[in-house]
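>>> test case, fold it:
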Amino acid sequence: MNLPKGLKSVRFSFADQHGVLRGKTLAASAAEAAMERGVTVTSTLLLKDTSHRTAFPAFTPGGGVGILEMQGAADILMIPDASTFRVLPWAPDTGWFLCDLQFRDGQPVLFSTRDHLRKALHKLEDAGYEFVAGLEVEFHIFRIRDPHLQPADAGQPGNPPEVELLTTGYQLLTEHKYDQLDPVVDLLRSNLEKLELPLRSFEIEFGPSQLELTLAPQSGMAAADAMILLRSAVKQIARRHGYHATFMCRPRLPNVMSSGWHLHQSLRRNGLNAFTSDREDLSETGRQYLAGLLAHARAATALATPTINGYKRYRPYSLAPDRVIWGKENRGAMLRVVGGPRDPDSRIENRIGEPAANPYLYFASQIYCGLDGMERRLLPPRAADTPYEAKADFLPRTLEEALQHLRADKALRDGFGTAFVDYYCKIKEAEIARFNLEVSDWEHREYFDLF
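All right, here's what the predicted structure looks like:
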């Protein structure tokens, strides 16, 4: 492809293991050559936890992960996907590509999460289906009072900014509260529309300074790419105008509420919704897919809620799930079946995710779980009408517990591969180890005076 005239620079980015964009910016004069041969980045970017610490011994044989091509912090290549090109409306004269990762010999990189979703989609296609996803994402946006940019604020990680609210909250979907946020929403909307994201709605959420943004349904890879671009764009646009947007599940701020990511999903076959039934809420395929999501829910939680913080959201009577159940139009259930007989929009809403999840891994986990239910012709139990009293397995209470379930889950290990599951768990266990060494405010308050 030919780049538009007038560009001064082009960003080449890939979504790392956490779903965070990393990459390089090239002068426009160098970008066209890079489009053909790729852009080099160090392979250690794939070995870092959320503090940007390298969790593997990169300078040992196999780079600490048993891959010779990654030994010694060797380079890998970002290969731009031409279909993802955008001109960034908030960054003057800047183009942007989302990239796939390859080794120099052209082989895909085992730890490329976008490639893992591609493999899951191919497996689904081999069974005759297409994955369709609609996104319903909650997040917070605050005004920055102090960006905390003194040298003492630096670190791994550095100190986050000090913020103040834009609304006091607790008035779900009230118009006057929305109007208080509308100047910021308009800023986001005008920029996101120029990125051609399929925006559907902007809504005032329950908590202070909390918004929900929904996107129209898209096919699997397009929906995952849209989530990656959406998160990064919202944060960049907000920061350039003195605001801090965060997709962290539960910020440690007084009275602030948890944010979730509700994933609406269905399968399409021969252009039609394969979950639609003439007589039931879900077709036989839909019920089997639902049963697969239930059977592997505790293991898939590690990919849908990949941060330590995200497990603070699983509370009873909070519009968030706390156990492995499904319900018909029930917002307290983990899986909410939406639609009915002959409804072309019949779908399953998974309410388990946090907005910080890597969409490629989240989507792939759903596909592998659902396919296992279809292949084994599983059937779901009865719907739970009282979700917080239902007799069912509880969701993991911690990331550590979720990782234990993931390591033991055959369907997900077969889908992602044992090497990837072990790699992913090690990175997350590095975060847990650092967390366990910190002395929290709770501990100080609980014990400092008592003992």
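
>>> distance of residue 156 from residue 52?
To residue 52, residue 156 is 6 Å away according to Cβ to Cβ, to the nearest Å. (Glycine included, C-beta is placed from N, CA and C.)

>>> just checking: what are the partner strands of the host helix or strand of residue 140?
If you go by DSSP states H and E, residue 140 is part of strand 130-146. In the sheet, strand 130-146 lines up against strand 162-164 (antiparallel), strand 210-219 (antiparallel), strand 243-246 (antiparallel), strand 261-269 (antiparallel) (DSSP bridges).

>>> residues in contact with residue 207?
140, 169-170, 255-259 (Cβ atoms under 8 Å, 6 or more residues apart in numbering).

>>> how about residue 265?
131-134, 347-350, 366.

>>> cool, and residue 358?
15, 17-19, 113, 303, 306.

>>> ok, now with 6 Å
19, 113 (Cβ atoms under 6 Å, 6 or more residues apart in numbering).

>>> list phi and psi for it.
phi -70, psi 120 (degrees, to the nearest 10).

>>> return the distance of it relative to residue 30.
29 Å.

>>> just residue 393 next, same as before
54 Å.

>>> returning to what we had before: and the strands paired with strand 130-146: which comes nearest residue 177?
Checking those against residue 177 by Cβ to Cβ gives strand 210-219 as the closest, at 10.1 Å.

>>> let me know the average pLDDT across the closest one.
Here strand 210-219 scores 97 as its mean pLDDT.

>>> re earlier: output the strands paired with strand 130-146 as CSV; include the columns distance to residue 420.
Converted to CSV, the strands paired with strand 130-146 look like this (distance: least, Cβ to Cβ, whole Å):
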stretch, distance to residue 420
strand 162-164, 36
strand 210-219, 23
strand 243-246, 28
strand 261-269, 21
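
>>> any idea how far residue 132 is from the residue positioned nearest the centre of the chain?
Taking Cα atoms, centre = their mean, the centroid of the chain lies closest to residue 357, which sits 2.6 Å from it. Distance, residue 357 to residue 132, by Cβ to Cβ: 18 Å.

>>> tally of neighbours for residue 180?
16 (other Cβ atoms under 10 Å).

>>> can you name the residues that contact it?
residue 167.

>>> now the helix or strand where it lies: how far from the chain's centre is it?
According to DSSP H and E, residue 180 maps onto helix 175-194. Its chain's C-alpha centre and that of helix 175-194 lie 23 Å apart, by Cα atoms, centre = their mean, to the nearest Å.

>>> give me the residues contacting the strand holding residue 140.
By Cβ under 6 Å, 6+ apart, strand 130-146 touches 124, 161-164, 184, 205, 209-210, 212-215, 217, 219-220, 223, 227, 238, 242-247, 259-262, 264-266, 268, 355, 367.

>>> still on that earlier bit, thought the residue nearest to the centre of the chain was touching residue 304?
Yes: the pair formed by residue 357 and residue 304 meets the contact definition of Cβ atoms under 6 Å, at 5.5 Å.
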